[in-house]
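Novice: Build me a structure from this.
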Amino acid sequence: MGRRKIKMEMVQDMNTRQVTFSKRRTGLFKKASELATLCNAELGIVVFSPGGKPFSYGKPNLDSVAERFMREYDDSDSGDEKESGNNRPKLKRMSEHLDLLNQEIEAEKNRGETDQEKLESAGDERFKNSIETLTLDELNEYKDKLQTVHGRIECQVNHMQASSCLMLLSRK
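Specialist: The predicted structure follows:
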C-alpha cells in the first residue's frame with residue numbers, strides 16, 4: 001500500500017489492529033535498539049498486544065533496567081516505610097509522578113497542535129519567503145539545529161514513555 005499519513009485513532013477492525021500492532025511494535029523495538037546503541041542508554045519497554053499478550057525489549061535486559069528503576073525509588077524511601085513494609089506512600093509518589101508525566105505529554109501535544117495551526121494560518125508563502133532568503137550555509141546551519149532539537153525531543157519522549165511503562169508495571 002505504501003507510506004501515507006494515517007489518523008491517530010484506534011483501528012476498529014480487529015485483524016487490522018493486530019497487524020498494525022505487530023508492525024509498530026517491531027518499529028518501536030528497532031528505534032529503542034538504535035537509541036540504546038547510539039546513546040549507550042539502558043532502556044526497557046513493555047507493551048501488551050490487543051489480545052493481552054506482553055512483549056518486552058530491554059538493553060542490557062528488561063530485568064536489570066526495571067531493578068535499577070525500582071532501586072532509584074527505593075533509595076528515596078525513608079527507613080520507616082521500608083521497615084513497616086508499607087508501599088502505599090511509594091506507590092502514591094510513583095502514581096503522582098506518572099500523572100505529572102502524562103500531563104507534560106498532553107501539554108506538549110497541545111502546544112505542537114497550536115504551533116502547527118499557527119504555521120498553517122500564517123500562510124505557506126510567508127514561510128517560503130523567509131527560508132528562500134537564507135544562504136546555503138545558513139540553511140545547513142538551520143537544518144543542523146532542527147536535527148539537534150528533533151533528537152532531543154525524541155530522546156525525551158522515549159524517556160518519558162519508558163518511565164510510564166515501568167511505572168505501570170510497578171503498580172501491578
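Novice: Now Thr135. Its backbone dihedrals?
Specialist: The phi/psi pair for Thr135 (degrees, to the nearest 10) reads phi -80, psi 170.
Novice: Domain ranges for the chain, per the record?
Specialist: 14-60, 131-171 (the TED database).
Novice: Out of those, which gets nearest to Met70?
Specialist: Proximity to Met70 (Cβ to Cβ) singles out domain 131-171 among the domains of the chain, at 6.4 Å. No exception for glycine: its C-beta is placed from N, CA and C like everyone else's.
Novice: averaged over its residues, what pLDDT does that closest one have?
Specialist: The average pLDDT within domain 131-171 is 83.
Novice: show me where pLDDT drops low in the protein?
Specialist: 1, 73-86, 122-129, 171-172 (pLDDT under 70).
Novice: quick one, helices of it?
Specialist: Assigned by DSSP state H, the helices in the chain fall at 14-39, 62-76, 79-84, 88-122, 124-132, 136-171.
Novice: a markdown table please, covering those and showing mean neighbour count.
Specialist: Output for those, formatted as a markdown table (neighbours: other Cβ atoms under 10 Å):
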| stretch | mean neighbour count |
| --- | --- |
| helix 14-39 | 13 |
| helix 62-76 | 14 |
| helix 79-84 | 10 |
| helix 88-122 | 12 |
| helix 124-132 | 10 |
| helix 136-171 | 13 |
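Novice: With distance to Ile6 as new columns, can these be given to me in JSON lines?
Specialist: Converted to JSON lines, those look like this (distance: least, Cβ to Cβ, whole Å):
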{"stretch": "helix 14-39", "distance to Ile6": "9"}
{"stretch": "helix 62-76", "distance to Ile6": "29"}
{"stretch": "helix 79-84", "distance to Ile6": "46"}
{"stretch": "helix 88-122", "distance to Ile6": "17"}
{"stretch": "helix 124-132", "distance to Ile6": "23"}
{"stretch": "helix 136-171", "distance to Ile6": "19"}
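Novice: For Val46, find the nearest of these.
Specialist: Closest among the helices of the chain, once you apply Cβ to Cβ, is helix 136-171, at 5.0 Å.
Novice: Look up how far Thr26 lies from Glu154.
Specialist: Using Cβ to Cβ, to the nearest Å, one gets 18 Å for the distance from Glu154 to Thr26.
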